[in-house]
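# model the structure of this input:
(2 chains)
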Amino acid sequence: MRYLIILAMGIVLLASDATLEIVKSVDNRPSVVIQDASEITSSRLKEKFFRLLSGDLKVTAHFKVDDTYRVAGYDSMIDPLLKKSDYLFRYRFKEGSSFALYLDVKVFDLQSKNAVYERSYRVTNRARYPFLVHQAVIDFNDHLDLPNVDWMKRYVVLSQYSKPKHADIVVADYTLTYRKKIISGGLNIFPKWADRNQKGIYYTKLADRPTLYYYNIYTGKQRRVITSDGMLVCSDVSRDGKKLLLTMAPDGQPDIYMYDIEKGVRKRLTFYSGIDVSAQYAGLEKKIVFVSDRLGYPNIFIKSIGGRAVRQLIYHGKNNNACNVHGKYVVYTSRESDNAFSTNTFNLYLVSTQSDYIRRLTANGVNQFPKFSFDGESVIYIKHYESQSALGIIRLNYNEGFLFPLKGHKIQSIDW
Amino acid sequence: MKKSFVLAAVVAALLMSGCSQKKPEVDMTKQEAAEETAPAVTEADRGISSVVGTEEVGELSTIPENVRMAKIKEIEASAKKIYFDFDKYNIRPDQEPRVDEDARLFSSDIAKDLTIKIEGNCDEWGTDEYNYALGLRRAKTVRDALAIKGIDESRMTMISYGESNPVCTEHNRECWAKNRRVEFELLP
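As a prediction, the model looks like this:
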């Protein structure tokens, strides 16, 4: 009996470590079928809406989603052939006056054949349809008391190149299907959310000298924070929003600084003569994790703020040049082979600052810009594979990955 | 001799006083007012107008701004770009003669008064912040090399454009190699 308890405890402990891959699990998730009752003539739009809805349901990782596209009247009877599934998600898109778009949702429990609930959603501009879908899926998920997926309605901020030496800053939904340009003109790069509620961003404008600005995305007001020669990037913001981790290069020497916004005082944290960049808070903001070439190639290191010792965090890979931190977890990109230009070039890995486990998250292609979700349970990234690009989402606790095809301009940097 | 000089002076004074009496009367109040407001002017021709000659020529040392900028762009175009290996920021041996040429150009009479903006660039392979830092370190390596060759550091500024400023947009090795570069912008 004692062994059984220890074994059970071991399983609980292992399961709480996201670096451990779930190899096999019993799939007892509720199954969902989808029916489209939209009053829209364009079949292209109908397909778009269906794909986003089915994608959203899958990305929660809480459902077994039937991919078959089915059409039904919104108030029609339930087809008896569907009763093998647990739930029916019936939806209806309707165009309103001006540019408004409506989404009605009716959910049925197929076992009891009862309507579980019915709700309506609206956006004033139909370009914002992804938010209709995200909200409807969040509500469905919440209604079944499944783990929270509110990260779906958070914004992603990104910088995208428009032409040489020009990049715009764009706010998007998490699938990057909806995008709204907020800053343009010149080279605007490295946007970073300034607060947990996503009211403002920090970004760098690269003119003659790089300047860091704060920009309120709701009022459009901006203020200059700091200017530096050579390079200036805000790589992280403290939880209280009062301190920034910056990469600055006053004499062409990229080092990490901490900047106190209220006092306007900066403190240098690294003193290496090569490259130190991408610092992020770790360990209750007493430490920083950063990228450095102090071993002759880019790799991930950790140090205490104010301390002198620097510890190598990753002992794997030839070139680990970007990372993102959430609590004790670090996700990083690693070049797999000595051949810089082979097809299998950059993969994502997950490690913990408190253990030696490494978990590979991607298997092929060039995978860049990994960012944790707000709750740390998902990772968003950009994937390039065989001349196609996609936005990837990895649900760490479920060991599942999803891709949304991307079109348009090359992305410079993203933050979630 | 002395007597005749004094006499001549007296005669001259008499003649001049005689002339002044023939002048028409003018309104002196107006003239005084004009003298009060007009700024004092100092003649600067140092009497050159009295020097006998035929034709006067003056060559202006300044040239119009647009002509000057065109000249600067011409010098800028003759500067050599410095190319780098993948993920590296040291100057390759085959690029050293090009750095020498740039040092000679920037210290020549036509360029010695210009500010040099050193721009570091990368290929599309790096990600995120590291790529911008790599571009900056390339710029710094070139700046340090130029400083050793006698270019005043105060004339040089550095910036990194990361992968944002490609000269070649195809996805092949030749193209990436062209993009891993330092180039110069000359400013007045």
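# buried stuff in stretch A:218-231?
Buried residues in stretch A:218-231, counting neighbours by 16 or more other Cβ atoms under 10 Å in any protein chain shown, are found at A:Val225, A:Ile226, A:Ser228, A:Asp229, A:Gly230, A:Met231. (Each C-beta comes from the backbone N, C-alpha and C, glycine too.)
# no, scratch that, I was asking about stretch B:174-186
Buried residues in stretch B:174-186 (16+ other Cβ under 10 Å): B:Trp176, B:Lys178, B:Asn179, B:Arg180, B:Arg181, B:Val182, B:Glu183, B:Phe184, B:Glu185, B:Leu186.
# what sits against the fourth one?
Okay, so that is B:Arg180. Residues in contact with B:Arg180, defined by Cβ atoms under 8 Å, 6 or more residues apart in numbering or on different chains, are B:Tyr83, B:Phe84, B:Asp85, B:Phe86, B:Asn121, B:Cys122, B:Asp123, B:Arg138.
# which one among those gets closest to chain A?
Nearest to chain A among those, counting by Cβ to the nearest Cβ, is B:Phe86 at 5.0 Å.
# on the three-state scheme, that closest one is what?
Assigned by DSSP: H, G, I helix; E, B strand; the rest coil, the conformation of B:Phe86 is coil.
# and it, what's its pLDDT?
Predicted confidence (pLDDT) for B:Phe86: 87.
# distance of it from B:His171?
14 Å (Cβ to Cβ, to the nearest Å).
# got it, and A:Tyr329?
From A:Tyr329 over to B:His171 (counting by Cβ to Cβ), the distance is 33 Å.
# neighbour count for these two, which is higher?
Ranked by neighbour count (other Cβ atoms under 10 Å in any protein chain shown), A:Tyr329 and B:His171 place A:Tyr329 first, with 21 against 12.
# surely the more buried one is in contact with A:Phe372?
Yes - between A:Tyr329 and A:Phe372 a contact is recorded at 7.2 Å, counting by Cβ atoms under 8 Å.
# quick one on the thing from earlier: got a quick ChimeraX command for the buried subset of the contacts of B:Arg180?
Buried members of those, defined by 16+ other Cβ under 10 Å, are picked up in ChimeraX with:
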select /B:83,84,121,122,123,138
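# nearest to A:Asp36 among the contacts of B:Arg180?
B:Asp123 (45.0 Å; Cβ to Cβ).
# name the nearest residue to the closest one, ignoring sequence neighbours.
The shortest distance from B:Asp123 to any non-neighbouring residue, by Cβ to Cβ, 6 or more residues apart in numbering or on different chains, is to B:Trp176 (3.8 Å).
# can you list contacts of stretch A:197-209?
Residues contacting stretch A:197-209 (Cβ under 8 Å, 6+ apart): A:154-155, A:157, A:159, A:165, A:169, A:183, A:186-194, A:210-218, A:225, A:227-229, A:232-234, A:237, A:244, A:415, B:117, B:157, B:159, B:161, B:164.
# buried among the residues you listed? Make that a ChimeraX selection.
The buried residues among the contacts of stretch A:197-209 can be selected in ChimeraX (16+ other Cβ under 10 Å) with this line:
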select /A:154,155,157,159,169,183,187,188,189,190,191,192,193,194,210,211,212,213,214,215,217,225,228,229,232,233,234,237,244,415 /B:117,157,159,161,164
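# keep only those of the contacts of stretch A:197-209 that are in strands.
Counting by DSSP state E, the part of the contacts of stretch A:197-209 found in strands is A:157, A:159, A:169, A:183, A:188-193, A:210-216, A:225, A:227, A:232-234, A:237, A:244, A:415, B:117, B:157, B:159.
# can you give me the helices in chain B?
Along chain B, counting by DSSP state H, helices occupy B:2-20, B:28-37, B:65-78, B:96-107, B:128-148, B:173-179.
# now for the longest one, which elements pack on it?
Contacts of helix B:128-148 with other secondary structure elements, assessed using 3 or more Cβ pairs under 8 Å, 6 or more residues apart in numbering or on different chains; DSSP states H and E, are made with strand A:232-237, strand A:276-282, strand A:319-326, helix B:96-107, strand B:115-120, strand B:156-160, strand B:181-187.
# can I get the ones you listed in a markdown table including distance to A:Val379?
Formatted as a markdown table, the helices and strands packed on helix B:128-148 follow (distance: least, Cβ to Cβ, whole Å):
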| stretch | distance to A:Val379 |
| --- | --- |
| strand A:232-237 | 16 |
| strand A:276-282 | 14 |
| strand A:319-326 | 8 |
| helix B:96-107 | 43 |
| strand B:115-120 | 30 |
| strand B:156-160 | 27 |
| strand B:181-187 | 33 |
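# any chance of the ones you listed in TSV, with distance to A:Ile382 and mean pLDDT too?
Formatted as TSV, those follow (distance: least, Cβ to Cβ, whole Å; pLDDT from 0 to 100):
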stretch	distance to A:Ile382	mean pLDDT
strand A:232-237	18	96
strand A:276-282	16	95
strand A:319-326	11	91
helix B:96-107	35	96
strand B:115-120	24	95
strand B:156-160	21	93
strand B:181-187	25	95
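# out of the ones you listed, which comes closest to A:Ala61?
Of all the helices and strands packed on helix B:128-148, strand A:319-326 comes closest under Cβ to Cβ, at 17.8 Å.
# list the neighbouring strands of the closest one plus their orientation.
Using DSSP bridges, strand A:319-326 pairs in its sheet with strand A:329-335 (antiparallel).
# tell me the angle the partner strand makes with strand A:276-282.
160 degrees (axes from the mean of the first three to the mean of the last three Cα atoms, to 10 degrees).
# next SSE after strand A:329-335?
Downstream of strand A:329-335, the next assigned helix or strand under DSSP states H and E is strand A:346-352.
# so which elements touch the next helix or strand after that next one?
Later in the chain than strand A:346-352, the nearest helix or strand by DSSP H and E is strand A:358-360. When contacts are defined as 3+ Cβ pairs under 8 Å, 6+ apart, strand A:358-360 packs onto strand A:346-352.
# need the residues of chain B near chain A, please.
B:86-87, B:117, B:124-134, B:136-137, B:139-140, B:143, B:157-162, B:164-166, B:171, B:173, B:176 (Cβ under 8 Å from any Cβ of the partner chain).
# nothing else from me, thank you.
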